[in-house]
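Novice: fold the stuff below for me.
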Amino acid sequence: MKKVILAALVSTISLNPIITNSAENSLPRQDVVVNIFIHGILKPVIDLSDAIKIAKQKIKHSRYKYANDYIRRHCPMSRVQAMQAIGLVPIQMKSDQNNNGSRAIVAVFRKLNEMMDLPKIKTYNYTFGWSGLLSYASRQKAAFFLHAKLGRLIKHLNKRGLNPIINIYSFSHGGNVALQLANFENWDNNCSININQLVMLGTPVQYENDALVRHPMFKSIYHFYSNGDIPQKLDFVSTQHGTSHRRFHPRKCFEIPDKLTQVEIRLSKKTVKLTPEIPNKKYSTSRFDPSHIEMWTFGWTPTGYDPRLPIYPLPVVAIVPYIIQSIKDHPQLGTNLVANINPHKARITFTDRYWKKHKLKEVVKAPFLKRKQFQELRQIAWNRRAHAHTNAYVHRIVNNAVRFATRQRQFLTHCDKTLECPIKYQPQLDELR
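Specialist: Next up, the predicted model:
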């Protein structure tokens, strides 16, 4: 009789954890938003020999790699854009000169959500830093580590009873890093990664991975580009198919999915023209096509940002959530759009086209932020601006990077040629500051 009672107690104790775990798994999880910002390549310092090495995917001991590492350590790029250290790093809103760009974009996003009257959902903001090298292999490696970091983050949030809704905002080749997440879908069978929204700005479209937009991992994809973005089409080094492209184009073995929306960004503002014949003021509308830097970087960057831009000092990524919400509010729009934003008139003009025949399909005029609201966004960004650096300071960093890379390359070349190298000295980064 005692054995029967003991066996019953043991079975009850062993079943209790199973029942508890099943009850916990059956509870509905709370939705949280996870925003991840991925930067593009760093400012390349390339000569002809390095270009050949990049094309052959052999940049381990190249001058370009050493210069790139030096620029990342010493050039304050994190002060003007959403960029932090390498890896998946949470964005802290405490005052810090080293992450002014990240704090500014998060503050603008928060205020923009309030202006759009979106439901209040707990939001976690991260930046994913990678090497920033102009290399397909480097982007593949970065995508592998991003997949691993995302898997750990999802498991951590699930244990806390949270359901993460992942949105990725990427710039330049950071968009290709995000796309290549699909290559590692089956790497971890214990965790499935679903991207709710992938936003790419100024991403060079390459045939190596453009078909990944059809992968079921991505629920919706928005690709923003500009005719004023020249570097977007200049990458002929890290691709094996000639050059990069500005848009996704269908071909025989690739059909563009409906979940991909491509938007050309145009900006307009009211300008004054004074002529000697007509002394009175004459107003006209000027059009601006954002450059590559203006798609992602704030206006206090020392080079590359035109202060005449209508959204100065905001980058295009700062108003992307509003543009996406406007597209969703007008379901009659297609997937090939031109968005002409005029902050002065508080209006967005969407042009939907049949790109194959280059004929106008439909024009929709949607409201934009009011002047007072838009001025408030600009002020939020200005309140978090970093101390401006002059062009001379940036050029000095680049020149020091080239000097360091040259000395490092000469040292390694000498040691490769001699079996017992008597030189024990290696140039340090601190010596070239």
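
Novice: OK, contacts around the nearest residue to G129 once chain neighbours are set aside?
Specialist: Nearest residue to G129 in three dimensions, chain neighbours excluded: I86, at 4.2 Å (Cβ to Cβ, 6 or more residues apart in numbering). C-betas here are computed from N, CA, C, even on glycine. By Cβ atoms under 8 Å, 6 or more residues apart in numbering, the residues touching I86 are 129-131.

Novice: and those, which is closest to Y305?
Specialist: G129 (21.8 Å; Cβ to Cβ).

Novice: show me where this protein has its helices.
Specialist: Secondary structure of the chain (DSSP state H): helices at 2-26, 48-55, 63-74, 100-115, 136-159, 174-179, 320-329, 371-382, 391-417.

Novice: lowest-confidence stretch among these?
Specialist: With a mean of 44, helix 2-26 has the lowest mean pLDDT of the helices of the chain.

Novice: so where do the strands sit in the stretch 101-250 of the chain?
Specialist: For the stretch 101-250 of the chain, strands defined by DSSP state E, counting those that start in this stretch occupy the ranges 123-129, 162-171, 195-201, 221-225.

Novice: mind putting the ones you listed into JSON lines with distance to A178 and mean pLDDT?
Specialist: Output for the strands of the stretch 101-250 of the chain, formatted as JSON lines (distance: least, Cβ to Cβ, whole Å; pLDDT from 0 to 100):
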{"stretch": "strand 123-129", "distance to A178": "9", "mean pLDDT": "96"}
{"stretch": "strand 162-171", "distance to A178": "5", "mean pLDDT": "97"}
{"stretch": "strand 195-201", "distance to A178": "6", "mean pLDDT": "97"}
{"stretch": "strand 221-225", "distance to A178": "9", "mean pLDDT": "98"}
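
Novice: among those strands, which comes closest to H39?
Specialist: Comparing these by Cβ to Cβ, strand 162-171 comes nearest, at 5.9 Å.

Novice: burial check on the closest residue in space to D50 that isn't next to it in sequence, number of neighbours?
Specialist: Among residues not flanking D50 along the chain, Y64 sits closest, at 4.0 Å (Cβ to Cβ, 6+ apart). By other Cβ atoms under 10 Å, the residues close to Y64 number 24.

Novice: i'd like the first residue to be 350 from this point on
Specialist: Let's use 350 as the start, then, which means that last one is Y413.

Novice: so Y413 makes contact with K402?
Specialist: Yes - Y413 lies in contact with K402 (Cβ atoms under 8 Å); the separation is 7.5 Å.

Novice: with adjacent residues omitted, what lies nearest to the residue minimising distance to the centre of the chain?
Specialist: The chain has S519 as the residue nearest its centroid, 1.8 Å off, counting by Cα atoms, centre = their mean. Of all residues not flanking S519 in the chain, I387 sits nearest, at 4.2 Å (Cβ to Cβ, 6+ apart).

Novice: count the residues that sit near that neighbour.
Specialist: As a measure of burial, I387 has 26 neighbours, counting by other Cβ under 10 Å.

Novice: distance check, it against A730.
Specialist: 20 Å (Cβ to Cβ, to the nearest Å).

Novice: try G481
Specialist: From G481 to A730 the distance is 24 Å (Cβ to Cβ).

Novice: what sits closest to I579 if chain neighbours are left out?
Specialist: Per Cβ to Cβ, 6+ apart, closest to I579 is H641, 6.8 Å.

Novice: my guess is the one you found meets D584, correct?
Specialist: No - counting by Cβ under 8 Å, H641 sits too far from D584 to count as a contact (11.2 Å).

Novice: tell me who's in contact with I570.
Specialist: Contacts of I570 (Cβ under 8 Å, 6+ apart): 546-549, 562, 608-610.

Novice: do the same with M442
Specialist: 452, 455-456.

Novice: pLDDT at it, what is it?
Specialist: Reading off the model, M442 has pLDDT 86.

Novice: then D779?
Specialist: At D779, pLDDT is 42.

Novice: which strand in this structure has the most residues?
Specialist: Counting by DSSP state E, the longest strand found in the chain is strand 609-622.

Novice: in that one, what's buried?
Specialist: For strand 609-622, the neighbour count (16 or more other Cβ atoms under 10 Å) marks 609-618 as buried.

Novice: ditto for stretch 596-612
Specialist: Buried residues in stretch 596-612, counted by 16+ other Cβ under 10 Å: 597, 605-606, 609-612.

Novice: send the alpha carbons of that stretch over as CSV?
Specialist: C-alpha atoms of stretch 596-612 as CSV (Å, rounded to 0.1, in the frame of the first residue of the first chain):
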residue,chain,number,x,y,z
ARG,A,596,15.6,49.2,-58.7
PHE,A,597,14.5,45.6,-58.7
HIS,A,598,13.8,44.4,-62.3
PRO,A,599,12.1,41.2,-63.3
ARG,A,600,13.7,38.7,-65.5
LYS,A,601,13.1,35.2,-66.9
CYS,A,602,14.0,33.4,-63.7
PHE,A,603,12.8,36.1,-61.3
GLU,A,604,9.4,37.7,-60.9
ILE,A,605,8.9,40.6,-58.5
PRO,A,606,6.5,39.7,-55.6
ASP,A,607,3.5,41.8,-54.6
LYS,A,608,4.9,42.3,-51.1
LEU,A,609,7.8,44.5,-52.6
THR,A,610,6.9,48.2,-52.9
GLN,A,611,9.5,50.4,-54.7
VAL,A,612,9.2,54.1,-54.0
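
Novice: and the contacts of that stretch?
Specialist: Counting by Cβ under 8 Å, 6+ apart, 554, 559-560, 562-563, 567-574, 672, 676, 684-688 sit against stretch 596-612.

Novice: which of those residues are buried?
Specialist: 554, 559-560, 562, 567, 569-574, 672, 676, 684-688.

Novice: residues near K504, how many?
Specialist: A count of nearby residues for K504, using other Cβ under 10 Å, gives 12.

Novice: same deal with the one 10 residues further on?
Specialist: By the measure other Cβ under 10 Å, the count of residues near I514 is 17.

Novice: so it bridges to which residues?
Specialist: Per DSSP bridges, the residues bridged to I514 are V382.

Novice: so it makes contact with V383?
Specialist: Yes - between I514 and V383 there is a contact under Cβ under 8 Å: 6.8 Å.

Novice: was I right to think the residue nearest to the centre of the chain contacts T552?
Specialist: Yes - taking contacts as Cβ under 8 Å, S519 lies within contact range of T552: 6.8 Å.

Novice: list the contacts of the residue nearest to A492 when sequence neighbours are not counted.
Specialist: For A492, ignoring the flanking residues on the chain, the nearest one in space by Cβ to Cβ, 6+ apart is Q529 at 3.7 Å. By Cβ under 8 Å, 6+ apart, the contact list for Q529 reads 488-489, 492, 558, 561.
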